[in-house]
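Engineer: one predicted model, sequence on top.
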Amino acid sequence: MVSRNRSQVKDHLGSKVLNHPELRNTKATEYMSHEEKYRYNLSRATAMLKLIDEEGMDVNEISKVMSHTVSGFTTPDGNPLAVHQVMFVPTLMNQADDDQVSRWLGDVFNGTIVGTYAQTELSHGTFVRGLRTTATYDPASRTFDLHTPDVSAAKWWPGGLGTTANHAVVMAQLYTDGQPRGIHPFMVAIRDRETHRPLPGITVGEIGPKLGQNTLNNGYLLFDHVKVPRENMLMRNARVNEDGSYTKPSHQKASYGTMVFTRVAIALDTVDALQIAATIAARYSIVRRQGEPRDDGQEPQIIDYQTQQLKVLPHIAACYVLRASTARLWEHHTHVTSEVRGGDTALLPELHATACCLKALVTQDCSEAIEALRLSCGGHGYMTASRLPALYAYATAGATYEGENTVLLLQTARYLVKQAGGSHAPPAAGSAVTYLSRPADDTPFAVGSPAAYVAAVGRVARGRVTEVAAALQADRQTMPEADAWNQSLVQLVAAALAHGRYFVVREFAEVVSQQSSSRAIQQMLQLLFSVYLAHAVSRAEGDFITYGGLTPSDIRLNRRHLLRLLAELRPHMIPLTDAFDLPDRLINSTLGAWDGDVYRRMFEQASHSPLNTDEVPASFHQAMLRSKL
Ligand SMILES: CCCCCCCCCCCCCCCCCCCCCCCC(=O)SCCNC(=O)CCNC(=O)[C@H](O)C(C)(C)COP(=O)(O)OP(=O)(O)OC[C@H]1O[C@@H](n2cnc3c(N)ncnc32)[C@H](O)[C@@H]1OP(=O)(O)O
Ligand SMILES: Cc1cc2nc3c(=O)[nH]c(=O)nc-3n(C[C@H](O)[C@H](O)[C@H](O)COP(=O)(O)OP(=O)(O)OC[C@H]3O[C@@H](n4cnc5c(N)ncnc54)[C@H](O)[C@@H]3O)c2cc1C
């Protein structure tokens, strides 16, 4: 099928999703039980899956319909099939060999096999090498014995595992020829395809309520010496032959490939959640009036308070900047993956480093921004019906899953200090780290010049990385490696974030310079970029003085410059959020509808409270009168 661009996909969705017979009628789920919510979200997730299949969408189209913009409408409490689609299917496609793909994918696409990605255990999530589920190969029976040694090694968290999946890709420690071979993926049937009962030796269930995303259907899973045929180890990378001999993968971390893909997907997708939150806060900030009446007799719109502009507008700029840079990361991932499939893994280390740091930077920025936007809506932002709490719960989950952010930033830092110290293979042409081996960009700082800001962001990244690399190098002379590393952890994380920021602003600078459709659009992108840059400096003034070459006077000028830019951006706030092209039904917020009819909507949603059904609820007689209050 021909690939459509983002806007066309939305038009397409307008007819296909919003008007789909099984999807168009939504219900408020706040008052449903856990089980009812699950059933509602699952049936909608299934309808969505069928639609994807009927439409024959390619991976880019799937990424759009799976995006939070759309999945927040189809599965408002979390998609129990998300991990099936985002991790299980891609793992099979990329880590199963051709025979395995042809053996399983038919059943995956006809819905007979529903899977999950079971890696995290109760006692190990971050440290994947420490996982304790074992897969021991027996050449006599040509089977693996999958076993959970004790409860702390139970799989815990996989999405869809709770009550939805009948298969799992299980990441386990492989033993063959009596040797430990590290973590490998195994395709394991966990429930009967017909009856959905757990298969012999399997203990499986759901883990319980969470901060949000409660129908992701996260589960637990234990194995009691479950036999799995040899052909069920995913063998595109490493292989176990019938006699138990072992063939190594082309890259030692090839089996971590799904995590890299999902990090890129999460980075891209969390910006969708920010766009929704920014649209809600922008619209509400126009509608909401509060304070001493002005000359026109009206109370001011809250957006005209300078403090409100600072709470809302930089995050609209961030939507544009982060959307563009994560979209480019997605394209880069597609390119590197095809190289890796062709046997060339040269670009993998840097892709891993970039995916780690962008997933961390974007989820951290977006969850902080969504919380700021929620606060900008005052008390009404605390209501579930504003949608802002759920958006926050979604974004902050991204800071933990698919690699806890600190840990991922440390992976990036490891790559950066090696590059700075020259102990890694030199970067390829076009690499994002060549700046570390070049003299610092000495473009003088000038308020109002985006290029000067970008250069300063680069100097901060370079300064942070080279400083911590030197400190680490010095400590290594006097203490064991692990202690030296621990001694620098905080600075390493800061260095990785600074690198991430530089990556983001360079990518956006390129997008702005390549944009040629109209002068007005070019100017608006420049304004958004200027806001993003001035805000970035204001958030890290110390860094810009210490490493970026800014003086205290530059910092003062930047503060004033930012506020001036915000006033300049303010009249464009609504068109800029309207341009996200989000229909009311996708936004689904009492505060964020296009017509601004906030107060009527708030009353309308209150009417759904079961406590308002009777004038005097039964609880009054049952609880208050009995206890003689
Ligand atoms: C047609 C169908 C297609 C369908 C497509 C669908 C598209 C959908 C689009 C999406 C849109 C919407 C998406 C939204 C998503 C929302 C729903 C998702 C639901 C939740 C999902 C969450 C799932 C999970 O959380 S799964 C569990 C994830 N767990 C982790 O991430 C664990 C984190 N830990 C690690 O990864 C490792 O332990 C690590 C990397 C921290 C350390 O590993 P290790 O100890 O083995 O290595 P080191 O010793 O530290 O390093 C050695 C060496 O290896 C290098 N390296 C490490 N990792 C990698 C890698 N991945 N690749 C390359 N290289 C790697 C490392 O840099 C070191 O290199 P040196 O050179 O030696 O320095
Ligand atoms: C909503 C949700 C969905 C999930 N879905 C799945 C799924 O489908 N499949 C799956 O397998 N897993 C899933 N997970 C699990 C998830 O991947 C892990 O929770 C995540 O990788 C973090 O690991 P952890 O819980 O072990 O955190 P921990 O590593 O225990 O983190 C706790 C703290 O320790 C710190 N820390 C740990 N190690 C280090 C270190 N080396 N250096 C410095 N600090 C460190 C962290 O920074 C953090 O502050 C999901 C989790 C959530 C919340």
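Structural biologist: Received the coordinates, thanks. Ligands and ions are numbered 1, 2, ... in the order given.
Engineer: SS state for the closest residue in space to residue 410 that isn't next to it in sequence?
Structural biologist: In this structure, residue 410 finds its nearest non-sequential neighbour in residue 492, 5.9 Å apart by CB to CB, 6 or more residues apart in numbering. (C-beta placed from N, C-alpha, C; glycine too.) When classified by DSSP: H, G, I helix; E, B strand; the rest coil, residue 492 comes out as helix.
Engineer: give me the number of residues near residue 492?
Structural biologist: By the criterion of other CB atoms under 10 Å, residue 492 has 26 neighbours.
Engineer: helix, strand or coil for residue 61?
Structural biologist: Quick answer, by three-state DSSP: residue 61 is helix.
Engineer: the residue nearest to residue 410 contacts residue 409, correct?
Structural biologist: Yes - at 7.4 Å, residue 492 counts as touching residue 409 under the criterion of CB atoms under 8 Å.
Engineer: where along the stretch 151-300 of the chain do the strands fall?
Structural biologist: With DSSP state E, counting those that start in this stretch, the ranges of strands along the stretch 151-300 of the chain come out as 155-156, 167-176, 179-189, 202-206, 219-223, 226-229, 239-240, 246-247.
Engineer: output these as TSV; include the columns distance to ligand 2, mean neighbour count and mean pLDDT.
Structural biologist: Formatted as TSV, the strands of the stretch 151-300 of the chain follow (distance: least, CB to the nearest ligand atom, whole Å; neighbours: other CB atoms under 10 Å; pLDDT from 0 to 100):
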stretch	distance to ligand 2	mean neighbour count	mean pLDDT
strand 155-156	7	24	98
strand 167-176	7	24	98
strand 179-189	11	19	97
strand 202-206	12	17	98
strand 219-223	9	24	98
strand 226-229	18	17	98
strand 239-240	22	20	97
strand 246-247	24	13	96
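Engineer: distance of the residue nearest to residue 410 relative to residue 486?
Structural biologist: Distance, residue 492 to residue 486, using CB to CB, to the nearest Å: 10 Å.
Engineer: and stretch 468-480 with ligand 1, contact?
Structural biologist: No - Stretch 468-480 lies apart from ligand 1 when judged by CB under 6 Å from any ligand atom; the minimum separation is 13.2 Å.
Engineer: got the phi and psi for residue 483?
Structural biologist: Per-residue torsions, residue 483: phi -70, psi -40 (degrees, to the nearest 10).
Engineer: check what pLDDT it gets.
Structural biologist: Listed pLDDT for residue 483 reads 98.
Engineer: and it, how many neighbours?
Structural biologist: 11.
Engineer: residue 370 now?
Structural biologist: Residue 370 has 28 neighbouring residues, counting by other CB under 10 Å.
Engineer: part of a helix, is it?
Structural biologist: Yes - counting by three-state DSSP, residue 370 is located in a helix.
Engineer: do I have it right that it meets residue 274?
Structural biologist: Yes - with contact defined as CB under 8 Å, residue 370 reaches residue 274; the gap is 6.2 Å.
Engineer: which neighbours do these two have in common?
Structural biologist: Taking CB atoms under 8 Å, 6 or more residues apart in numbering as the contact rule, residue 370 and residue 274 both touch residue 395.
Engineer: those residues of the stretch 151-300 of the chain touching ligand 1, which are they?
Structural biologist: Residues of the stretch 151-300 of the chain lying near ligand 1 (CB under 6 Å from any ligand atom): 159, 253, 256, 259-260, 262, 265-266, 269.
Engineer: go ahead and flag the most central residue of the protein.
Structural biologist: residue 266 (2.5 Å; CA atoms, centre = their mean).
Engineer: can I get the strands of the stretch 151-300 of the chain in TSV with distance to residue 361?
Structural biologist: Formatted as TSV, the strands of the stretch 151-300 of the chain follow (distance: least, CB to CB, whole Å):
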stretch	distance to residue 361
strand 155-156	27
strand 167-176	26
strand 179-189	27
strand 202-206	32
strand 219-223	30
strand 226-229	39
strand 239-240	37
strand 246-247	37
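Engineer: so where's this protein uncertain?
Structural biologist: 1-15, 626-629 (pLDDT under 70).
Engineer: would you mind measuring from residue 497 to ligand 1?
Structural biologist: The spacing between residue 497 and ligand 1, counted by CB to the nearest ligand atom, to the nearest Å, is 17 Å.
Engineer: that older thread, surely the residue nearest to the centre of the chain and residue 396 touch.
Structural biologist: No - Residue 266 is beyond contact range of residue 396, at 12.0 Å (criterion: CB under 8 Å).
Engineer: what touches both of those two?
Structural biologist: residue 363.
Engineer: picking that back up, quick one: contacts for the residue nearest to residue 410?
Structural biologist: 409-410, 413-414, 417, 468, 472, 485.
Engineer: let's see 7 Å
Structural biologist: 410, 413, 468 (CB atoms under 7 Å, 6 or more residues apart in numbering).
Engineer: then residue 73?
Structural biologist: 585-586, 588.
Engineer: that one is in what secondary structure piece?
Structural biologist: Using DSSP states H and E, residue 73 maps to helix 68-74.
Engineer: do that helix and ligand 1 come into contact?
Structural biologist: No - Helix 68-74 lies apart from ligand 1 when judged by CB under 6 Å from any ligand atom; the minimum separation is 6.8 Å.
Engineer: could you point out which element follows that helix?
Structural biologist: Where DSSP H and E defines the elements, the next helix or strand beyond helix 68-74 is helix 82-83.
Engineer: so residue 116, which state does it fall into?
Structural biologist: Assignment for residue 116 (three-state DSSP): strand.
Engineer: so it makes contact with residue 158?
Structural biologist: Yes - Residue 116 lies in contact with residue 158 (CB atoms under 7 Å); the separation is 4.4 Å.
Engineer: overlap in contacts of those two?
Structural biologist: In contact with both residue 116 and residue 158: 83, 168, using CB under 7 Å, 6+ apart.
Engineer: tell me which of these two has more neighbours.
Structural biologist: Taking neighbours as other CB under 10 Å, residue 116 and residue 158 compare with residue 116 leading, 31 against 28.
Engineer: which residues sit in contact with that one?
Structural biologist: Shown in contact with residue 116 (CB under 7 Å, 6+ apart): 83-84, 88, 158-161, 165, 168.
Engineer: do residue 466 as well
Structural biologist: residue 420.
Engineer: could you say which helix or strand holds it?
Structural biologist: Per DSSP H and E: helix 450-478 holds residue 466.
Engineer: between the contacts of residue 73, which is closest to residue 352?
Structural biologist: Nearest to residue 352 out of the contacts of residue 73 is residue 586 (CB to CB; 33.1 Å).
Engineer: leaving out the residues flanking it, which one is nearest to the closest one?
Structural biologist: residue 73 (5.0 Å).
Engineer: sorry, back to before: select from the residues of the stretch 151-300 of the chain next to ligand 1 the one having the most neighbours.
Structural biologist: Within those, residue 159 tops the neighbour count with 27 neighbours, counted by other CB under 10 Å.
Engineer: hmm, it is touching residue 216, no?
Structural biologist: Yes - under the criterion of CB under 7 Å, residue 159 makes contact with residue 216 at 4.5 Å.
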